[in-house]
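Engineer: Need the 3D shape of this:
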Amino acid sequence: LAERLPSSKIYIGNALRQMSKNGARDRLSYMDGSYMENWTQGPSQEMSEKVTASIQLAREALSKGKMLWLTSGPWGCGWPCDVTEEEFLSSMDMPLAIFLMIAETNAYFNYQKETLVQEDAWKWDSSTMPEFKKALGAPKGPPIKVGNTLSRHFEYLTVQVDLDAEQAILNWHAE
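Structural biologist: Have a look, this model is predicted:
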């Protein structure tokens, strides 16, 4: 397929998976990037290991000029994700903070209750969420990991993720 696509087309697939052999990195040799869903699932690993491996795969792909879409729903919500709109709104900090550890040029975040092709009582347009309206500013460096706590500083945000406690802190600074 990659050989048959016109060079003007972007070839993206659900390639990178921390639970696959070598993270399925080989797929990126013929793809322009990957979206990542189910990145907290996998073999018998601690959640901190799954998330760390997913962040590493995403940052590695971005460093090679690939595109990356991190897709997540409310933290800890399985499938089907039976949450109210209020619970949906209040459960974004952890996945957003993890994405911010990845954030670079060509990185995108998709926060949704479930895939949009699923029949459901409601769909969510996360673009109206207040977190997406705030200025982030440039990153001041890569994420720093001490034990199972990650932190990263942006011009207008300091973000911290405690992978053991599965908690995130987003501290927005004045513009």
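Engineer: For the protein, give me the ranges with low pLDDT.
Structural biologist: Applying pLDDT under 70 to the chain flags residues 1-2, 79, 113-125.
Engineer: So which residue is dead centre in it?
Structural biologist: Centroid check for the chain by Cα atoms, centre = their mean gives residue 70 as the closest residue, at 3.3 Å.
Engineer: Report the strands that pair with the host helix or strand of it, each with its relative direction.
Structural biologist: Element membership of residue 70 [criterion: DSSP states H and E] is strand 67-72. In the sheet, strand 67-72 lines up against strand 33-36 (parallel), strand 107-111 (parallel) (DSSP bridges).
Engineer: before we move on, the earlier item: from residue 36, how far off is the residue nearest to the centre of the chain?
Structural biologist: 5 Å (Cβ to Cβ, to the nearest Å). Every C-beta, even on glycine, is put in place using the N, C-alpha and C of the backbone.
Engineer: Give me the common contacts of those two.
Structural biologist: residue 58 (Cβ atoms under 8 Å, 6 or more residues apart in numbering).
Engineer: now the strands paired with strand 67-72 as TSV including mean neighbour count and distance to residue 139?
Structural biologist: Output for those, formatted as TSV (neighbours: other Cβ atoms under 10 Å; distance: least, Cβ to Cβ, whole Å):
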stretch	mean neighbour count	distance to residue 139
strand 33-36	22	19
strand 107-111	18	11
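Engineer: Tabulate those strands (JSON lines), appending distance to residue 153.
Structural biologist: Converted to JSON lines, the strands paired with strand 67-72 look like this (distance: least, Cβ to Cβ, whole Å):
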{"stretch": "strand 33-36", "distance to residue 153": "24"}
{"stretch": "strand 107-111", "distance to residue 153": "17"}
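Engineer: tally of neighbours for the residue nearest to residue 139 when sequence neighbours are not counted?
Structural biologist: Nearest non-adjacent residue to residue 139, counting by Cβ to Cβ, 6 or more residues apart in numbering: residue 154, 5.3 Å away. Using other Cβ atoms under 10 Å, residue 154 is surrounded by 18 other residues.
Engineer: check contacts around residue 43.
Structural biologist: Residue 43 neighbours (Cβ under 8 Å, 6+ apart): residue 19.
Engineer: what kind of secondary structure is it in?
Structural biologist: Under the three-state scheme (DSSP: H, G, I helix; E, B strand; the rest coil), residue 43 adopts coil.
Engineer: quick thing: my sequence starts at 23, can you match it?
Structural biologist: New numbering, starting at 23: the last item is residue 65.
Engineer: Which parts of this structure are strands?
Structural biologist: 34-35, 55-58, 89-94, 129-133, 166-168, 171-175, 179-184, 189-194 (DSSP state E).
Engineer: of the ones you listed, which approaches residue 74 most closely?
Structural biologist: Comparing the strands of the chain against residue 74 with Cβ to Cβ, the closest turns out to be strand 166-168 (7.4 Å).
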